[in-house]
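Q: Here is my input; please provide its structure:
(one chain, ligands or ions: 1)
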Amino acid sequence: MGDLIKGKDVANVITQEVKEAAEKIKQKGINPKLMIVRVGEREDDLAYERAALKRMESCNILCEVLKLPIDISQENFILALKKVNDDESVHGILLFRPLPKQINEDDVKFIIRPEKDIDCFNPINAAKVYEGDETGFPPCTPLAAMEILKYNKVNLKGSNSVVLGRSMVVGKPMAMLLLKEDATVTVCHSKTKNLSDVTRNADILIAAVGKSQMVDGNFVKDGAVVIDVGINVDEEGTMTGDVKTDECIDKASLITPVPGGVGSVTTAILAKHVIKACKLLNKQEGVL
Ligand code: NDP
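A: All right, here's what the predicted structure looks like:
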């Protein structure tokens, strides 16, 4: 039977590092600040917002929320986003997605300056993930999964790593981050044939499909490391991951739970990115 790896320990280490970095920056008269941009009142946005506010507070980072109405026109949305972008007191911008239908993401995705784009909305940052250029900001969730692997000293070099899911937010950047660490990566999706045959070859299995408990014991090789990125909430508000943890833990060597796994590290990465953005912006202006 494998070990359940909680995200809390990793998150605590990162939080402490970020807090110390924030203090040093403050001594130079700069107040690191995150601006969350939320359109409407989606439950999952609100839950993430609460967690982010709490994390920023414990890291000593200022955090404000710009709340925009769900029926905002694209023109007014662009104006609001540009204002935040130009605000010199704001170092990192987190824009919740998906945006409402009247706003075309293709028309707005280049607006946030790459140096402030801490969750990889701007394609310039996405390109940096693919190039392995560390001056950018990979999306916080796959980076959180990587931090969990590194904290637990999982050997990535030469490993067979299988990523379930190919979204721009999780699956694809996750594959690139693993590749950068010399893993041999296979990316699966809804059209993949004989899925469990593929996943049973994985030394490291990352589940990011958004299908509650789809990954059962049949998907997992003995001794594999299983990272469950999925967040699925049913009508009663119960949260489950993409992995049947109870079943897979018998085979896996390490496995993350949901809740309490990747999600708890994501906000710590967000805080780390605000500090990185703050340094990047101020170095450009010759302050730090
Ligand atoms: P998307 O819906 O954008 O992507 C899901 C991916 O899974 C797609 O590539 C899809 O394939 C694939 N997929 C769907 N069904 C199957 C199937 N039956 N077999 C194989 N592949 C399948 O989701 P996201 O990437 O945004 O999110 C994935 C999960 O991660 C969700 O549960 C989400 O809630 C969670 N999440 C967690 C975060 C955290 O902080 N822990 C943050 C962000 C997301 P195809 O491309 O062919 O459609």
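Q: Number of residues surrounding the spatially closest residue to residue 62 that is not a sequence neighbour?
A: Nearest in space to residue 62, with sequence neighbours left out and distances taken as C-beta to C-beta, 6 or more residues apart in numbering, is residue 33 at 4.0 Å. Yep, even glycine has a C-beta here, placed from its N, CA and C like the rest. Per other C-beta atoms under 10 Å, the neighbour tally for residue 33 reads 20.
Q: Next up, the contacts around residue 33.
A: Contact analysis of residue 33 by C-beta atoms under 8 Å, 6 or more residues apart in numbering lists 61, 62, 63, 64, 89, 90, 91, 92, 274, 278.
Q: any idea where the helices of the stretch 151-288 of the chain begin and end?
A: 171-180, 195-199, 245-248, 262-284 (DSSP state H, counting those that start in this stretch).
Q: picking that back up, only the buried subset of the contacts of residue 33, as a PyMOL command please.
A: Only the buried entries of the contacts of residue 33 go into this PyMOL selection, using 16 or more other C-beta atoms under 10 Å:
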select buried, resi 61+62+63+90+91+92+274+278
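Q: Mind checking which of the contacts of residue 33 land in helices?
A: 274, 278 (DSSP state H).
Q: Which members of the contacts of residue 33 are the farthest-apart pair?
A: Pairwise distances across those peak at 14.7 Å for 64 and 278 (criterion: C-beta to C-beta).
Q: that older thread, filtering the contacts of residue 33 by proximity to the ligand, which remain?
A: When C-beta under 6 Å from any ligand atom is applied, no member of the contacts of residue 33 is adjacent to the ligand.
Q: Reformat the contacts of residue 33 as a markdown table; add pLDDT.
A: Output for the contacts of residue 33, formatted as a markdown table (pLDDT from 0 to 100):
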| residue | pLDDT |
| --- | --- |
| 61 | 98 |
| 62 | 98 |
| 63 | 98 |
| 64 | 98 |
| 89 | 97 |
| 90 | 98 |
| 91 | 98 |
| 92 | 98 |
| 274 | 98 |
| 278 | 97 |
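Q: Surely residue 262 and residue 147 touch.
A: No. Counting by C-beta atoms under 8 Å, residue 262 does not reach residue 147; the two are 9.2 Å apart.
Q: how about the residues of the stretch 151-288 of the chain near the ligand?
A: So the stretch 151-288 of the chain meets the ligand at 164-167, 169-171, 188-192, 195, 208-211, 229-232, 262-263, 266 (C-beta under 6 Å from any ligand atom).
Q: Of those, keep whichever come out buried.
A: Neighbour-count burial (16+ other C-beta under 10 Å) applied to those gives 164-167, 169-171, 188, 192, 195, 208-210, 229-232, 262-263, 266.
Q: thinking again about what came up before, from the contacts of residue 33, which land in strands?
A: Per DSSP state E, strands hold the following members of those: 62, 63, 64, 92.
Q: and the residue nearest to the third one when sequence neighbours are not counted, what is it in contact with?
A: Looking back up the chat, that one is residue 64. What sits nearest to residue 64 in space, not counting adjacent residues and going by C-beta to C-beta, 6+ apart, is residue 35, at 5.4 Å. Applying C-beta under 8 Å, 6+ apart, we find residue 35 in contact with 63, 64, 65, 66, 84, 87, 90, 92, 93, 94.
Q: send the alpha carbons of stretch 95-106 over as CSV?
A: Extracted in CSV, the C-alpha atoms of stretch 95-106 (Å, rounded to 0.1, in the frame of the first residue of the first chain):
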residue,chain,number,x,y,z
LEU,A,95,-8.1,36.4,-14.6
PHE,A,96,-10.7,33.7,-13.9
ARG,A,97,-11.8,31.7,-16.9
PRO,A,98,-13.8,30.7,-18.8
LEU,A,99,-15.0,34.2,-19.6
PRO,A,100,-18.7,34.8,-20.5
LYS,A,101,-19.7,34.1,-24.1
GLN,A,102,-19.9,37.8,-25.2
ILE,A,103,-16.1,38.1,-24.6
ASN,A,104,-13.9,36.5,-27.2
GLU,A,105,-10.7,35.2,-25.5
ASP,A,106,-8.8,35.6,-28.7
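Q: So for that stretch, what gets flagged as buried?
A: Under 16+ other C-beta under 10 Å, the buried positions of stretch 95-106 are 95, 96, 99, 103.
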